[in-house]
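Participant: Quick one: sequence plus predicted model below, questions after.
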Amino acid sequence: MRAVVIQIAACLSACATSYEPFEIQPALPTPIDVLVVLDDTPAMASHLPRQPPPGAVGIVTAIYNGAPDVRIAVTTSTTGTLRTSAKVPDGFIEHRLDFTDGVLRTNYQGPLDSALGSIMNVGTSSIEPNAIAASAQRALGAGFVRPSSGVGIFVVTASDDQSPDDIASYASAIQNVPNEVMVSAVYAQPAPRLASFVDAFAKRYTQNLDAYNMESLSVFSWLFDSAPNDYCLPVTPADPHGCELFTSHDHVVNPLPECSGSAWDSETPCYQLIEEPSCTSSYAVLYGGGYGMYHPRIIGRCAVD
């Protein structure tokens, strides 16, 4: 019996599992705040309806490959005030993934397409000037733009800009912010003042009003940082199932479980190690749920012997 005890003690000393800690830097999406400026004058009556074009919801929810961080506000070309509704009481729609727990956070009521429709149905009865640039400048100062976000201005109009001041002054004022700004304008051409406004921005896109399609919205992806392509596990595990991973974001740490199947099929945050010869460790890390393309800081450890 004494010999057995000695053998067990020796094994506890010599056979203890060694773990190697590691850290994976966060890969977070660029927040984007989009201001939609809609012409609400009679000139629009014979053109497109005010509802979002087919696929608009898909653009919002998929542009970040499952990890959105988007705010959308709507104003009219004759007011410059942010529109609200019972479904959108804050004056903007927020649709973002919370990287502390991988849960989608929203501030609107009901389905996203219904919420968008409730603030985009602006009508065509206003007799005020079609002051697109002035309205955009005013609405952007209403507090919905975040300090670190890219800013998109999406204009739909059937006539040229009628803002009271020199058109260049509005473009300069809008660009006098730390944010990167892009303009996408769908309008009935020719519209020289509006064209001059759009041309003042390095990132811009134009489309004829009667050819309006989803490309005019999808171009806002130019504001986003690409997701990094380094998915290699920093350490070499003795067993791909012998690791423990945690997410760390805004001083909140949560365990990140191993995926029960393919990470691509998971609807909840998880991780999966797959063999990857190009990685020094021979393993790459895939993330499931909302972390498919972007993820918070990862800390963990793997058994190495």
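Facilitator: That came through fine. Numbers count the residues shown, from 1 in each chain.

Participant: Do you have the strands of the chain handy? List them.
Facilitator: 19-24, 32-38, 69-76, 93-98, 103-106, 150-157, 181-187, 203-208, 243-249, 252-256, 270-275, 283-288, 297-303 (DSSP state E).

Participant: so can I have CSV of those showing mean neighbour count and mean pLDDT?
Facilitator: Heads up, the C-betas are built off the backbone N, CA and C, glycines and all. CSV is the format used below for the strands of the chain (neighbours: other C-beta atoms under 10 Å; pLDDT from 0 to 100):
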stretch, mean neighbour count, mean pLDDT
strand 19-24, 16, 97
strand 32-38, 24, 93
strand 69-76, 24, 92
strand 93-98, 20, 90
strand 103-106, 12, 90
strand 150-157, 24, 94
strand 181-187, 24, 95
strand 203-208, 16, 94
strand 243-249, 19, 98
strand 252-256, 15, 98
strand 270-275, 18, 98
strand 283-288, 22, 96
strand 297-303, 19, 97
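
Participant: would CSV of these with distance to residue 127 be doable?
Facilitator: Compiled in CSV, the strands of the chain are given as follows (distance: least, C-beta to C-beta, whole Å):
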stretch, distance to residue 127
strand 19-24, 58
strand 32-38, 16
strand 69-76, 12
strand 93-98, 28
strand 103-106, 36
strand 150-157, 15
strand 181-187, 20
strand 203-208, 26
strand 243-249, 50
strand 252-256, 52
strand 270-275, 56
strand 283-288, 53
strand 297-303, 54
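
Participant: quick one: which of those is nearest residue 140?
Facilitator: strand 32-38 (6.0 Å; C-beta to C-beta).

Participant: quick one: strands adjacent to that closest one?
Facilitator: strand 69-76 (parallel), strand 150-157 (parallel) (DSSP bridges).

Participant: For residue 187, name its beta-bridge partners.
Facilitator: Going by DSSP bridges, residue 187 forms beta bridges with residue 157, residue 208.

Participant: mind listing what it touches?
Facilitator: 155-160, 194, 206, 208-209 (C-beta atoms under 8 Å, 6 or more residues apart in numbering).

Participant: thinking again about what came up before, nearest to residue 128, out of the strands of the chain?
Facilitator: strand 69-76 (8.8 Å).

Participant: Put together JSON lines for the strands paired with strand 32-38, with distance to residue 19 on each row.
Facilitator: Converted to JSON lines, the strands paired with strand 32-38 look like this (distance: least, C-beta to C-beta, whole Å):
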{"stretch": "strand 69-76", "distance to residue 19": "34"}
{"stretch": "strand 150-157", "distance to residue 19": "40"}
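
Participant: Quick one: closest of those strands to residue 263.
Facilitator: strand 69-76 (20.8 Å).

Participant: any idea how far that closest one is from the chain center?
Facilitator: Between the centre of strand 69-76 and the centre of its chain there are 12 Å (C-alpha atoms, centre = their mean, to the nearest Å).

Participant: Show me what it is in contact with.
Facilitator: Here strand 69-76 has contacts from 28-40, 60, 63-64, 81-83, 91-97, 116, 119-120, 122, 126, 135-136, 138-139, 142, 144-146, 149, using C-beta under 8 Å, 6+ apart.

Participant: go with 7 Å
Facilitator: Applying C-beta atoms under 7 Å, 6 or more residues apart in numbering, the external contacts of strand 69-76 come out as 29, 31-38, 40, 60, 81-83, 91-97, 119-120, 122, 126, 135, 139, 144.

Participant: Just give me the neighbour total for the residue lying closest to residue 31 once chain neighbours are set aside.
Facilitator: Counting by C-beta to C-beta, 6 or more residues apart in numbering, residue 149 is the residue found nearest to residue 31 once chain neighbours are left out, at 3.9 Å. A total of 19 residues lie near residue 149 under the criterion other C-beta atoms under 10 Å.

Participant: Tell me how far residue 149 lies from residue 290.
Facilitator: According to C-beta to C-beta, to the nearest Å, residue 149 and residue 290 sit 19 Å apart.

Participant: and what of residue 263?
Facilitator: On the measure of C-beta to C-beta, residue 263 and residue 290 end up 12 Å apart.

Participant: same thing with residue 154?
Facilitator: Relative to residue 290, and taking C-beta to C-beta, residue 154 is found at 25 Å.

Participant: Show me the domain layout of this structure.
Facilitator: Per automatic domain parsing, the structural domains of the chain span 32-223, 228-303.
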